[in-house]
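> Prediction below, plus the sequence it came from.
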Amino acid sequence: MDNKCSCQGCDVADLSSSYELLSGIIAKYKDREGSLIQVLHAAQSVFGYLPFEVQRQIAEGLDMPLSEVSGVVSFYSFFSTQPKGKHTIRVCLGTACYVRGGKKVLERLQELLGIDVGDTTDDRVFTLEVARCIGSCGLAPAMMIDDTVYKQVNPEKLSAILSPYYKDSGKEAEA
Ligand code: FES
């Protein structure tokens with residue numbers, strides 16, 4: 001079996017050790033009632049997301065139907081079945097931000113990154129998401145990258161905002 005992850009830019013260098021960790025997590029929680037969510041959380045922190053094979057192994061290990069595991073994964077937004085980028089951008093589309101140009105900010109980001117909402121760039125630097133309000137309505141439109149809030153953003157500022165994140169990831173900006 002090839003132990004290397006085939007995802008482009010994947011940080012999971014050795015999948016066999018990740019699956020060993022997963023087996024340990026499952027063994028730890030196996031006999032605890034209602035432990036599925038804790039196992040999923042732990043698995044997501046190991047793999048970065050919850051691909052089908054991980055869900056299948058959890059279902060088998062906890063002796064429950066795969067459909068139940070998949071149902072919980074798709075119900076909670078904090079679980080992801082797609083690999084995430086190193087940085088997560090959340091563009092606020094709450095009312096204050098929307099009326100002050102949040103949608104244009106989002107459209108420009110989609111253009112710059114070449115991805116849609118919910119997707120991750122091929123180089124795995126950014127995942128693009130939307131938010132409903134991030135508590136900066138007075139300085140709308142706002143967006144976040146990881147835990148940093150950017151206020152009064154406009155489409156022209158975006159390249160400069162993204163640039164340090166590319167540098168931090170050792171990548172060149174796409175545009
Ligand atoms: S609506 Fe965007 S920060 Fe509140």
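Perfect, thanks for sending it.
> Now whichever residue of the chain sits closest to the ligand. Nearest residue, chain neighbours left out?
Closest to the ligand within the chain is G94: 2.5 Å, counting by Cβ to the nearest ligand atom. Yep, even glycine has a C-beta here, placed from its N, CA and C like the rest. Nearest residue to G94, sequence neighbours excluded (Cβ to Cβ, 6 or more residues apart in numbering): C133, at 3.6 Å.
> Show the pLDDT at the one you found.
In this model, C133 is scored at 95, pLDDT.
> swap in the one 5 residues further on?
What the model reports as pLDDT for G138 is 96.
> excluding its backbone neighbours, what's nearest L158?
Nearest residue to L158, sequence neighbours excluded (Cβ to Cβ, 6+ apart): R108, at 5.5 Å.
> Look at that neighbour and say how many residues are nearby.
20 (other Cβ atoms under 10 Å).
> got it, and G34?
7.
> Show me which parts of the least confident helix or strand in the chain by mean pLDDT are buried, residue by residue.
The weakest-scoring helix or strand in the chain, judged by mean pLDDT, DSSP states H and E, is helix 15-29 (a mean of 90). In terms of neighbour count (16 or more other Cβ atoms under 10 Å), helix 15-29 has its buried residues at L15, S18, Y19, L22, I25, I26, Y29.
> what mean pLDDT would you report for stretch 106-117?
97.
> contacting residues around it?
Contacts to stretch 106-117, defined as Cβ atoms under 8 Å, 6 or more residues apart in numbering, come from residues 89, 91, 93, 121, 126, 128-130, 155, 158-159, 162, 174-175.
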